[in-house]
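> quick one: sequence and predicted model below, then my questions.
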Amino acid sequence: VHKISSGEFGYKIEGENVSDEVQELFDSFNDMSARLNIYEEQNIEQITLERNKLEAVLMSIVNGVVVCDNNDNVVLLNGHAKELLELEGDELLNTNIQQYVDTEGEYCFAEKIDEYKNLSMEEKSSKPIIFNVTIGGRILKSIISPMYTRNHDYVGYIIVLIDVTRETEMDLMKSQFISNVSHELRTPVTVLRSYIDTLYNYGEEFDLETQKEFIGTLNTEIVRLNRMVNDILDFSRLDSNAKIEKSENDISQLVDSCVSQVEVLLKDNNLKIDIQKDNEFPLLMFNYDAIARALTNYLSNAIKYAPKDSTITVKLFNEIDKNQVTVTVKDEGCGIAPEHQKKVFERFFRVENKIHSVKGTGLGLHLVKTTIEKHHYGNVFVQSQVGQGSTFGFSLPVDLSKLDCVEDDLV
Ligand code: ADP
């Protein structure tokens, strides 16, 4: 009985020369001991299984999880936590989490954990502490919440780490977008009002030439306003999954027409547009207005960034072997740094957000990409060198039936 009570299940009593009654007692005892042994083995197996399951769940969670006991010691952390906290191995295990030093050399958790520990039990459960830390260039949303046993005993806390770098960048770009758009909408409206007011009240006091100049300014502002309103409307339309209609169109004619439409904008900076085209092009399936807007976007960006007296080169060429036709617009402007080139097609991204020198919403190139890639199965690209200029381009497929990705109803 001593042995069994100290956990030695399976122990057997061997009795010799004992009475039948005692032998029966021994047999029952041995039977009980053997059963206890089996139960224990099953129990251990069960517990191991449960533990493995929990460990697998913890390890597979895409967020970082750090489990700390009541004395701030790290008792468990998953692989994502190690990655997000930039740890090599298990060096954080069994150490005080408040002593964790981030890549900037700061005790980034210490203060918030103190704040958490000062909360009452009720506050701990009702409102987890949420804060952001920056580790190795990544922004981590950190949530501290209490941990209880099944019997509701408080045993420590869990820190969940979520990588929100992308969302934070997006939020920043969105608020910059809103501030850009409100500025951009207000400016032309103010200009329009004052010019119209002047013309209406004092028009006859100006000579014809000045009046024409006023009307020219009004026109430029209206074109700008119109482009922006179209961009914003296109943004919601093209980003949705609504399909846009396509028909057979002549890409070469579209290039000529877009170039002639932007010609009025060349005068201010004495720019020239040089068109270079192959001789013949097959008819392509596309939405004429959408592709025209995409090309106009490239053209007006090139005009915006080209230096005075320079030439913008528009090329249209057949790449039969690649089943595509490609359009490029090259300018001799300021160019784009390599780290920004990857981002220029993202919505709201503007290189100038930091310096606010050139106006815009950061929607134009995103719309080009959506139009070409999502709605026409083509691709967009940019090649650029700072100080030398940029070449923006897009390719459209010639024969849609040769593409794997095209659904039947779109061909
Ligand atoms: P926006 O309407 O604000 O100009 P875009 O999406 O058209 O937005 O362009 C995104 C960013 O790409 C611009 O802010 C600009 O910094 C950069 N960019 C676009 N075209 C050119 C170009 N031809 N030369 C230099 N930078 C360019």
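Received, thanks.

> show me the contacts for whatever residue of the stretch 301-411 of the chain ends up closest to the ligand.
Distances between the stretch 301-411 of the chain and the ligand by C-beta to the nearest ligand atom are smallest at G360, namely 2.1 Å. For the C-beta atoms, the positions are set from N, CA and C on the backbone; glycine is no exception. With contact set as C-beta atoms under 8 Å, 6 or more residues apart in numbering, G360 has these partners: 180, 184, 304, 350, 352.

> now do L365
When contacts are counted by C-beta under 8 Å, 6+ apart, L365 touches 297, 301, 344-345, 349, 380, 392.

> could you do K12 as well?
30, 33-34.

> can you select the buried ones from the contacts of L365 in ChimeraX?
Here is the ChimeraX command that picks out the buried ones among the contacts of L365, judged by 16 or more other C-beta atoms under 10 Å:
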select :297,301,344,345,349,380,392
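
> can you tell me which of the contacts of L365 end up in strands?
Cross-referencing those against strands under DSSP state E gives 380, 392.

> which one in the contacts of L365 is the model shakiest on?
On pLDDT alone, F349 ranks lowest of the contacts of L365, at 85.

> that residue against L172, yeah?
No: counting by C-beta atoms under 8 Å, F349 sits too far from L172 to count as a contact (10.7 Å).

> just list whatever residues bridge to the residue lying closest to Q276 once chain neighbours are set aside.
Spatial nearest neighbour of Q276, chain neighbours left out: K315 (4.8 Å); criterion: C-beta to C-beta, 6 or more residues apart in numbering. In this structure, K315 bridges to Q276, T328 when assessed by DSSP bridges.

> please, where are all the strands along the stretch 51-200 of the chain?
Assigned by DSSP state E, counting those that start in this stretch, the strands in the stretch 51-200 of the chain fall at 64-69, 74-77, 129-135, 138-148, 154-163.

> what strands flank the second one, and is each parallel or antiparallel?
Using DSSP bridges, strand 74-77 pairs in its sheet with strand 64-69 (antiparallel).

> and the strand it pairs with, which residues are buried?
64-68.

> again with stretch 157-175
157, 159-164, 170, 173.

> which of those sits closest to the ligand?
Nearest to the ligand among those, with distances taken as C-beta to the nearest ligand atom, is M173, at 11.0 Å.

> you'd agree that closest one is up against F349?
Yes: counting by C-beta under 8 Å, F349 is a contact partner of M173 at 6.2 Å.

> now the common contact residues for these two.
Listed as contacting both M173 and F349 by C-beta under 8 Å, 6+ apart are G362.

> how close does the one residue in the stretch 151-300 of the chain that gets nearest to the ligand sit to M59?
Per C-beta to the nearest ligand atom, N297 is where the stretch 151-300 of the chain lies closest to the ligand, at 6.0 Å. N297 is 46 Å from M59, where distance means C-beta to C-beta, to the nearest Å.

> closest one to the ligand among the strands of the stretch 51-200 of the chain?
Using C-beta to the nearest ligand atom, the strands of the stretch 51-200 of the chain put strand 138-148 closest to the ligand, at 23.2 Å.

> hmm, who's touching the closest one?
64, 67, 84, 109, 112-113, 116, 121, 124-125, 128-134, 154-165, 168.

> quick one: it to strand 64-69, angle?
Put simply, strand 138-148 runs at 40 degrees to strand 64-69, going by axes from the mean of the first three to the mean of the last three C-alpha atoms, to 10 degrees.

> and strand 138-148, average pLDDT?
Mean predicted confidence for strand 138-148 is 95.

> strand partners of it, parallel vs antiparallel please.
strand 129-135 (antiparallel), strand 154-163 (antiparallel).

> buried residues in it, which are they?
Residues 138-142, 144, 146 are the ones in strand 138-148 that count as buried (16+ other C-beta under 10 Å).

> ok, stretch 173-186 next?
For stretch 173-186, by 16+ other C-beta under 10 Å, it's 173, 176-177, 180-181, 184.

> what's the closest of those residues to D321?
Taking C-beta to C-beta as the measure, D321 sits nearest to M173 out of those, at 38.6 Å.

> mind listing what that closest one touches?
Per C-beta under 8 Å, 6+ apart, neighbours of M173: 346-349, 353, 362.

> what's the ChimeraX syntax to select whichever of those are buried?
Selection of buried members from those for ChimeraX, criterion 16+ other C-beta under 10 Å:
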select :347,348,349,353,362
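
> format the contacts of M173 as CSV; extra columns: distance to the ligand.
Shown next, in CSV, are those (distance: C-beta to the nearest ligand atom, whole Å):
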residue, distance to the ligand
E346, 9
R347, 8
F348, 9
F349, 6
N353, 7
G362, 4
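
> in the contacts of M173, find the pair that's most separated.
Using C-beta to C-beta, the contacts of M173 span at most 12.8 Å, a distance reached by R347 and N353.

> now do the shared contacts for the two.
Common neighbours of R347 and N353 (C-beta under 8 Å, 6+ apart) are 173, 362.

> show me which residues of the stretch 101-250 of the chain are close to the ligand?
Residues of the stretch 101-250 of the chain lying near the ligand by C-beta under 6 Å from any ligand atom: none.

> in this structure, which helix has the most residues?
The longest helix of the chain (DSSP state H) is helix 20-60.

> that one to strand 64-69, inter-axis angle?
130 degrees.

> average pLDDT for helix 20-60?
90.

> and if you look at stretch 371-378?
Per-residue scores along stretch 371-378 average to 94.

> and that stretch, does that touch the ligand?
No: in terms of C-beta under 6 Å from any ligand atom, no part of stretch 371-378 sits within range of the ligand; the closest distance is 12.4 Å.
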